[in-house]
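Colleague: need a 3D model of the sequence below.
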Amino acid sequence: MASEKEKMPRPKSRPRRRLTDEEHRLWRTVTKDAKPISRRPAEVPEAPRDEERPSLPLKPQSLAPMRTPAPQPPASPAPPRRPSEPPPLTGLDRRTSQRLARGQMEIEATLDLHGHSQEAAHQALLGFVSRSRSRGLRCVLVITGKGASPYARHTLHGSTFYEVPERQGVLRSAVPRWLNEAELRAHVSGFQPAHPKHGGGGAFYIWLRKKR
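Modeller: Alright, predicted model coming up:
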């Protein structure tokens, strides 16, 4: 059995009415300035770059008064370094000393100071010792003269000798003192009176340090 809806007649659709020419002109007048709506999503504006960003005004800083540093006292110059002192005279070993006392050592070079003033004798001694050491010599003889002392001819042949204040030879007493000075001590390791055949009390054996 058919339902009531199926029995009811369907309403007829009205035919479309066409716009008149007046209505067309009116529609064109209304829509002539209209723009179509874009269907693309709105673009998010990019953040401005650093160089495009407006520079903000700097906040003024309070200018504190600058303190002038107190003048520093000038640094005191470093004290000059003292040259290192050469080692003291060490003397000769027993065997070398005995051979020198007996006149058994070969004399490698000789300096005769007869007729020299003290200043000239000192310079001659320094030059002689320095040159002899640079040549690698070890045993040299320096002749000073005996002077007028009665003991000058009686020097004991050992590592000690008499120093007689009366009328003794000036250079004979000066040479041992000079050999103990730093300038000569840098080249000399020891000395002692010579054997009679090498001048006895008027000469000295000088033992030089090894060549560097």
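Colleague: every contact and neighbour count from this point should use C-alpha atoms.
Modeller: Will do.
Colleague: how about the helices in the protein?
Modeller: All helices of the chain, identified by DSSP state H, fall at 4-7, 21-31, 94-101, 118-134, 170-179, 182-185.
Colleague: and for the longest one, what are the contacting residues?
Modeller: Translated: helix 118-134. Contact partners of helix 118-134, identified using C-alpha atoms under 8 Å, 6 or more residues apart in numbering, comprise 109, 111, 113, 138, 140, 171, 175, 178, 183-184, 187-188, 208-211.
Colleague: go on, the fifth one?
Modeller: When contacts are defined by C-alpha under 8 Å, 6+ apart, helix 170-179 is touched by residues 113, 118, 121-122, 144-147, 163, 184-185, 188, 202-203.
Colleague: could you export the helices of the chain as TSV, including mean pLDDT, mean neighbour count and distance to Pro193?
Modeller: Converted to TSV, the helices of the chain look like this (pLDDT from 0 to 100; neighbours: other C-alpha atoms under 10 Å; distance: least, C-alpha to C-alpha, whole Å):
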stretch	mean pLDDT	mean neighbour count	distance to Pro193
helix 4-7	53	8	163
helix 21-31	78	10	141
helix 94-101	85	16	8
helix 118-134	95	16	16
helix 170-179	93	18	10
helix 182-185	93	18	17
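Colleague: for these, which one sits closest to His195?
Modeller: Proximity to His195, assessed across the helices of the chain by C-alpha to C-alpha, is greatest for helix 94-101 (5.6 Å).
Colleague: can I get the closest one in PDB, CA atoms only?
Modeller: Output in PDB follows, covering the C-alpha atoms of helix 94-101 (Å, rounded to 0.1, in the frame of the first residue of the first chain):
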ATOM      1  CA  ARG A  94     151.700  17.100  45.000                       C
ATOM      2  CA  ARG A  95     153.300  15.300  42.100                       C
ATOM      3  CA  THR A  96     153.400  18.300  39.900                       C
ATOM      4  CA  SER A  97     154.700  20.500  42.700                       C
ATOM      5  CA  GLN A  98     157.500  18.100  43.500                       C
ATOM      6  CA  ARG A  99     158.600  17.900  39.900                       C
ATOM      7  CA  LEU A 100     158.600  21.600  39.600                       C
ATOM      8  CA  ALA A 101     160.600  21.900  42.800                       C
END
